[in-house]
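A.B. asks: Give me the fold of what follows.
(one chain, ligands or ions: 2)
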Amino acid sequence: MRVLLVGGGGREHTLAWKLAQSPQLEKLYCAPGNAGIASVAECVDIADDNIEELKDWALEQKIDLTVVGPEVPLVLGIADIFRQAGLKVFGPDSNGAQLEGSKVWSKRKMKEWGIPTAGFTIFDDFEDARNHLSRFYGGQVVIKADGLAAGKGVTVASGPEEAEQALYDIMIERAFGEAGNRVVIENCLNGEEVSVLAVTDGSNLVILPSSQDHKAIGEGDKGPNTGGMGAYSPAPVYTPELARKTEKVVFKPLLKGFKDMGIDFRGVIYAGLMVSKDEFNVLEFNVRFGDPETQAIIPRLDSDLLPLLLAAAEGDLTDVEPRWKDDHAVCVVMASGGYPGKYEKGKFIEGLDALEKTVDKQVAVFHAGTALRDGHLVTAGGRVLGVTAWDSDLRKAVDRAYRACEQIKFDGCYYRKDIAHRAL
Ligand code: AMP
Ligand code: GLY
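C.D. replies: Residues are numbered from 1 along each chain as shown. Ligands and ions are numbered 1, 2, ... in the order given. Below you'll find the model as predicted:
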């Protein structure tokens, strides 16, 4: 199999690391990749949203399977264009990708298909939206821009004043461009979040082990939200009973809804749930693997990843049954100082070579924002590395991940010290 992986973050490094172990793999390419991915795949210098060029390259290279990591190319229609050209793709067409690409579409479909989610109202006029906020005096309210905003389009406001500022930024200042044409104003939910990912061929589901992200920058979940500061799997909040309910009232109705609309969804559906004592709701859907959830889930996969992704892309998952290890896996994200605000790039990263030479096979360092400059590994993004460790005991997995983090140094390096605190 000649496989092309599209993307260049920590999620893609994790997928590349696992795909590279497949006996069915002949050659792995990654566009554009990063400095870590380059150790397991040949990186191709084409941006992940340059779809026409990627398609021409994939045809020329006789690629057997393309796996799409990020949401942007999926929403832009990479899967439609590749499939029209006769290429096999793991990832939904642009019609299925609306589930992540438009909050308005996604909320309307959840309501129509009876999937539990927070109550909401949609607005395309700033004044109308602002007037609606008076209903939330004394309480929290959530404002969502209607489109991709790199994880920054959602504000959980402590009250109407903060909510009004968010509305202004989205609809008047156009902080997220076109995503400011409409907003969703939604009731705030409380509880514990869990990420549940399911690979699907459009009819069958392979639900992956649960995981929990840590979105806030600071310990104790304080401070602004980020792309994710760490994750662990499994998440004990996702009990077997909740798993049964989620399959029944979230994934099954979603697949039926897609079928009824003629959407042939071949890829992964990510359900972000909010779980409280007496109820659970879907906060959001994504149409791709989570980042950093993937870094904590994939090391627990005992069987081969390639046949799973290929079967979904080919539209027949019936004979695929992945095996999972009982281990707990923990990913700690090492970030550039200042992230998620302004930060500097180009800092030398030290200590990785020594770490890789140690005999510990239960640690993997997945690169997110790294690059090679004159032969030196340097930082090249906000989230730099995802240091992942696993063990049959969660505490030991956590300790192992943090021991590895202590060996890695770069100027301004920051990481949360409390990843997995809820499960410990
Ligand atoms: P989304 O992109 O819709 O998942 O929102 C990003 C994050 O905002 C979620 O992971 C939650 O932490 C938070 N969030 C979104 N919707 C709500 C809600 N209705 N109530 C509370 N928090 C929310
Ligand atoms: N970790 C959150 C996401 O992938 O959207």
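A.B. asks: contacting residues around the nearest residue to residue 108 once chain neighbours are set aside?
C.D. replies: Residue nearest to residue 108 in three dimensions, not counting chain neighbours: residue 122, with 7.8 Å by CB to CB, 6 or more residues apart in numbering. (Glycine included, C-beta is placed from N, CA and C.) Going by CB atoms under 8 Å, 6 or more residues apart in numbering, residue 122 touches 104, 107, 108, 146, 182, 183, 184, 185.
A.B. asks: do that again at 7 Å, thanks
C.D. replies: 104, 182, 184 (CB atoms under 7 Å, 6 or more residues apart in numbering).
A.B. asks: out of the residues you listed, which one sits closest to ligand 1?
C.D. replies: Among these, residue 184 lies closest to ligand 1 (CB to the nearest ligand atom), at 8.6 Å.
A.B. asks: and the nearest residue to the closest one once chain neighbours are set aside, what are its bridge partners?
C.D. replies: Sequence neighbours aside, residue 144 is the residue nearest to residue 184 in space, at 4.3 Å (criterion: CB to CB, 6+ apart). For residue 144, the beta-bridge partners are residue 154, residue 184 (DSSP bridges).
A.B. asks: ok, residue 144 to residue 120 distance?
C.D. replies: From residue 144 across to residue 120, the span is 8 Å (CB to CB, to the nearest Å).
A.B. asks: Mind pulling up the pLDDT for the residue nearest the centre of the chain?
C.D. replies: In the chain, the residue lying closest to the centroid (CA atoms, centre = their mean) is residue 290, at 2.0 Å. Looking at residue 290, its pLDDT is 97.
A.B. asks: pretty sure it is touching residue 197, no?
C.D. replies: Yes - between residue 290 and residue 197 a contact is recorded at 6.4 Å, counting by CB atoms under 7 Å.
A.B. asks: shared neighbours of the two, which are they?
C.D. replies: Common contact partners of residue 290 and residue 197 (CB under 7 Å, 6+ apart): residue 270.
A.B. asks: residue ranges of the helices in the stretch 1-150 of the chain, please?
C.D. replies: Here the stretch 1-150 of the chain has its helices, by DSSP state H, counting those that start in this stretch, at 10-19, 51-60, 71-75, 78-84, 94-101, 103-112, 126-132.
A.B. asks: Compare those and give me the one nearest ligand 1.
C.D. replies: helix 103-112 (6.6 Å).
A.B. asks: The residue of the stretch 251-400 of the chain at minimum distance from ligand 1: what secondary structure?
C.D. replies: Residue of the stretch 251-400 of the chain nearest ligand 1, by CB to the nearest ligand atom: residue 284 (3.1 Å). Residue 284 falls in the strand class when you classify it by DSSP: H, G, I helix; E, B strand; the rest coil.
A.B. asks: Who is it paired with across the strands?
C.D. replies: Assessed by DSSP bridges, residue 284 has beta-bridge partners residue 272.
A.B. asks: my guess is residue 258 is in a helix, correct?
C.D. replies: Yes - the assignment for residue 258 (three-state DSSP) places it in a helix.
A.B. asks: Which positions in the stretch 1-150 of the chain make contact with ligand 1?
C.D. replies: Counting by CB under 6 Å from any ligand atom, the stretch 1-150 of the chain comes close to ligand 1 at 118, 142, 144.
A.B. asks: By neighbours, which of those wins?
C.D. replies: Among these, residue 144 has the most neighbours (other CB atoms under 10 Å), with 26 neighbours.
A.B. asks: ok, now how distant is that residue from residue 55?
C.D. replies: In this view, residue 144 and residue 55 are 32 Å apart by CB to CB.
A.B. asks: got it, and residue 419?
C.D. replies: Residue 419 is 39 Å from residue 55, by CB to CB.
A.B. asks: Also residue 392?
C.D. replies: As defined by CB to CB, residue 392 lies at a distance of 44 Å from residue 55.
A.B. asks: do the same with residue 362
C.D. replies: In terms of CB to CB, residue 362 sits 39 Å off from residue 55.
A.B. asks: do the same with residue 303
C.D. replies: Counting by CB to CB, the gap from residue 303 to residue 55 is 30 Å.
A.B. asks: Among those two, which residue is more densely surrounded?
C.D. replies: Shown here are residue 303 and residue 55; by other CB under 10 Å, residue 55 has more neighbours (18 against 14).
A.B. asks: Pretty sure the more buried one sits against residue 85.
C.D. replies: Yes - the criterion here is CB under 7 Å, and residue 55 meets it with residue 85 at 5.5 Å.
A.B. asks: intersection of neighbour lists for those two?
C.D. replies: Between them, residue 55 and residue 85 share no contacting residue, judged by CB under 7 Å, 6+ apart.
A.B. asks: where in the stretch 301-424 of the chain is pLDDT low?
C.D. replies: 359 (pLDDT under 70).
A.B. asks: which residues in it form strands?
C.D. replies: For the stretch 301-424 of the chain, strands defined by DSSP state E, counting those that start in this stretch occupy the ranges 328-335, 363-367, 370-373, 376-379, 383-391.
A.B. asks: can you tell which of those strands is closest to residue 175?
C.D. replies: In terms of CB to CB, the element of the strands of the stretch 301-424 of the chain nearest to residue 175 is strand 383-391, at 21.0 Å.
A.B. asks: Highest mean neighbour count out of the helices of the stretch 1-150 of the chain?
C.D. replies: Across the helices of the stretch 1-150 of the chain, averaging neighbours per residue (mean count of other CB atoms under 10 Å) puts helix 10-19 on top, at a mean of 28.
A.B. asks: And it, what does it pack against?
C.D. replies: Counting contacts by 3 or more CB pairs under 7 Å, 6 or more residues apart in numbering; DSSP states H and E, helix 10-19 is packed against strand 2-7, strand 27-32, helix 293-297, strand 363-367.
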